[in-house]
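Chemist: Fold the following and give me the result.
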Amino acid sequence: MPGNAAILVQPVVDRVKLKKARWQPLQNCLRGTRLLDMYTAFFGLRKLPFNLTPDPAFLFLSPNHRDALAGLTYAVLGRKGFVVLTGDAGTGKTTLLGSVLNHLPAEKVLSSILLNPTLTPAEFIELLMLDFGMTDIPASKAQRLWALQGFLTQAYRDDRIAILVIDEAHKLSAEVLEEIRLLGNYEYGADKFLQIVLLGQCELDDLLDRRDLRQFKQRIALRLYIDPLTADEIAAYIQCRWAKAGGEGEPPFTPEAIEGIVRWSGGIPRLINSICDSALLMAYGDICKSVRGDHVRDAAMNLALIPDLTDLRVTAPPAATSYAPDKASGPTLGPVEVPHWQNNQPGSFGVDANIPTLARYGRGRRNSSILKRLAGKFGFSQ
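Modeler: Here you go, the predicted model:
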């Protein structure tokens, strides 16, 4: 019997040893370096240059971002009440605000940052109070508002700035927006007790243009906008992040690689980071010190930013029917020709109509020229 047991157990032991042998290279890799930092040593970097997590230390200031940074700083320090910052997804709104908060003296600022706005009005007030550090939350709404008023009044007396930041504000309901508007009534003289910053995608502009929200719109002291980067700004953005990650000299991206990043990122910083990070990893896998155009293209395809041409299917047009419309029923509509969009601004890039990119929506907007002057006063370099 013992002999039979040994016969049964031995194959199991052999399989366990085989599995351990297969995992040994990975275990050795993890002992020597973190998995996420595989290519940093290969390219001579101190940290990952294209991380997706918003990091104010990697802030890149295009002229547009610089104006928005000046506007946010001015609105908060000037106790202006409401300020709105809109931009396409991934354009750097959260990073920009983080930079503002980091530059303000910690002892002078009380901040509440709400990342999930899909709340009821009661839940919104409760989360706001909790995020300000108020742990004793009354049961009734009247008591909550009374406690919040006392908190904000004391902060004002202590010469501290209370800031409420609402991210993803384009998802706010009209009911919660009305609660936010009423929070703007806390004031003394010309000063607002609570500085409210709304960050949202371009749909936020449409939301605030609704007639039933005109009272809210009238209270906004400053509206700021940030746009996708131009081709020249994308190259400067990559250089900036490469240098801040410890890279020496020029980034290892060939001109063809930069062209691909411009084309398939649409100028969105978050997508630039995704493409560059994946392309660098591919170059590392090829033991190649330069990132080529094919690395960038493969990265973009892996991220589903361009179609896999081998998977395209051509469908035949529907067969014509013998049905003839009644002319008396009204005119028929012919095909609509959609003009090809082109960006003729200096330093901008064209968009290939055959390549799907992020949709461009929203009206053309421009930050106030006063912000360029304020940026210099605040010491934000060009």
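Chemist: which outside residues touch stretch 204-223?
Modeler: Stretch 204-223 is contacted by residues 71, 74-75, 80-84, 86, 169-170, 172, 174, 177-178, 180-181, 184, 198, 200, 362-363, 365, 368 when judged by CB atoms under 8 Å, 6 or more residues apart in numbering. The C-beta positions use only the backbone N, C-alpha and C, and glycine is treated the same way.
Chemist: repeat that with 6 Å
Modeler: Residues external to stretch 204-223 that are found in contact with it (CB atoms under 6 Å, 6 or more residues apart in numbering): 71, 75, 80-84, 86, 169-170, 177, 181, 184.
Chemist: How far off centre is it?
Modeler: 22 Å (CA atoms, centre = their mean, to the nearest Å).
Chemist: and if you look at stretch 165-178?
Modeler: Centre-to-centre, stretch 165-178 and its host chain are 17 Å apart (CA atoms, centre = their mean).
Chemist: That one: which residues count as buried?
Modeler: Buried residues in stretch 165-178, counted by 16 or more other CB atoms under 10 Å: 165-172, 176-177.
Chemist: For it, output the C-alpha coordinates as CSV.
Modeler: Extracted C-alpha coordinates of stretch 165-178, given in CSV (Å, rounded to 0.1, in the frame of the first residue of the first chain):
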residue,chain,number,x,y,z
VAL,A,165,-14.4,70.5,-6.3
ILE,A,166,-16.9,68.4,-8.3
ASP,A,167,-15.3,66.2,-10.9
GLU,A,168,-17.4,64.6,-13.7
ALA,A,169,-19.8,67.5,-13.2
HIS,A,170,-21.5,66.9,-16.6
LYS,A,171,-23.2,64.0,-14.9
LEU,A,172,-24.9,66.1,-12.2
SER,A,173,-28.6,66.1,-12.1
ALA,A,174,-30.6,69.4,-12.2
GLU,A,175,-31.7,68.7,-8.6
VAL,A,176,-28.1,68.5,-7.3
LEU,A,177,-27.1,71.5,-9.4
GLU,A,178,-29.8,73.5,-7.6
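Chemist: Which residue ranges of the stretch 151-300 of the chain form strands?
Modeler: 161-166, 187-188, 191-192, 194-200, 220-226 (DSSP state E, counting those that start in this stretch).
Chemist: mind showing which ranges of this structure have poor pLDDT?
Modeler: The model of the chain has pLDDT under 70 over residues 1-38, 307-382.
Chemist: How is it partitioned into domains?
Modeler: Domain segmentation of the chain under automatic domain parsing yields 39-46+230-308, 63-228.
Chemist: Distance to P56 for those - can I get that in a markdown table?
Modeler: Formatted as a markdown table, these follow (distance: least, CB to CB, whole Å):
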| stretch | distance to P56 |
| --- | --- |
| domain 39-46+230-308 | 11 |
| domain 63-228 | 4 |
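Chemist: now for those domains, which one comes closest to P54?
Modeler: domain 63-228 (4.2 Å; CB to CB).
Chemist: and the gap between L204 and D167?
Modeler: Taking CB to CB, to the nearest Å as the measure, L204 falls 11 Å from D167.
Chemist: Is V83 in a helix, a strand, or coil?
Modeler: Following DSSP: H, G, I helix; E, B strand; the rest coil, the label given to V83 is strand.
Chemist: nearest spatial neighbour of it, skipping sequence neighbours?
Modeler: For V83, ignoring the flanking residues on the chain, the nearest one in space by CB to CB, 6 or more residues apart in numbering is A75 at 4.0 Å.
Chemist: how far off strand 194-200 does the helix or strand hosting that neighbour point, in degrees?
Modeler: In this structure, A75 is located in helix 63-77 according to DSSP states H and E. Interaxial angle, helix 63-77 versus strand 194-200 (axes from the mean of the first three to the mean of the last three CA atoms, to 10 degrees): 150 degrees.
Chemist: number of nearby residues for the residue nearest to N302 when sequence neighbours are not counted?
Modeler: Leaving aside its sequence neighbours, N302 sits nearest to S278 (CB to CB, 6+ apart; 6.1 Å). S278 sits with 19 neighbouring residues when counted by other CB atoms under 10 Å.
Chemist: S278 contacts R297, doesn't it?
Modeler: No. At 10.8 Å, S278 does not count as touching R297 under the criterion of CB atoms under 6 Å.
Chemist: in the sheet, who's paired with the closest residue to A68 other than its chain neighbours?
Modeler: Closest residue to A68 apart from its sequence neighbours, by CB to CB, 6+ apart: L224 at 4.5 Å. Beta bridges link L224 to L85 when assigned by DSSP bridges.
Chemist: before we move on, the earlier item: on contacts alone, who are the packing partners of the helix holding A75?
Modeler: Contacts defined by 3 or more CB pairs under 6 Å, 6 or more residues apart in numbering; DSSP states H and E place helix 63-77 against helix 93-103, strand 220-226, helix 370-378.
Chemist: Now with 10 Å, please.
Modeler: Other helices and strands packing on helix 63-77, by 3 or more CB pairs under 10 Å, 6 or more residues apart in numbering; DSSP states H and E, are strand 82-87, helix 93-103, strand 161-166, strand 194-200, strand 220-226, helix 231-244, helix 370-378.
Chemist: Out of these, the one nearest A155 is which?
Modeler: Across these, A155 has its closest neighbour in strand 161-166 (4.8 Å, CB to CB).
Chemist: In the chain, which residue is most central in space?
Modeler: Centroid-nearest residue in the chain: G90, 3.0 Å away (criterion: CA atoms, centre = their mean).
Chemist: mind checking how far it is from L224?
Modeler: 17 Å.
Chemist: Could you do N102 as well?
Modeler: Counting by CB to CB - N102 and L224 are separated by 18 Å.
Chemist: More neighbours: which of the two?
Modeler: Neighbour totals were compared for N102 and L224, and L224 leads with 26 against 11 (other CB under 10 Å).
Chemist: ok, now which ones touch that one?
Modeler: By CB atoms under 10 Å, 6 or more residues apart in numbering, the residues touching L224 are 64-65, 67-72, 75, 83-87, 93, 96, 197, 199, 365, 367-368, 371.
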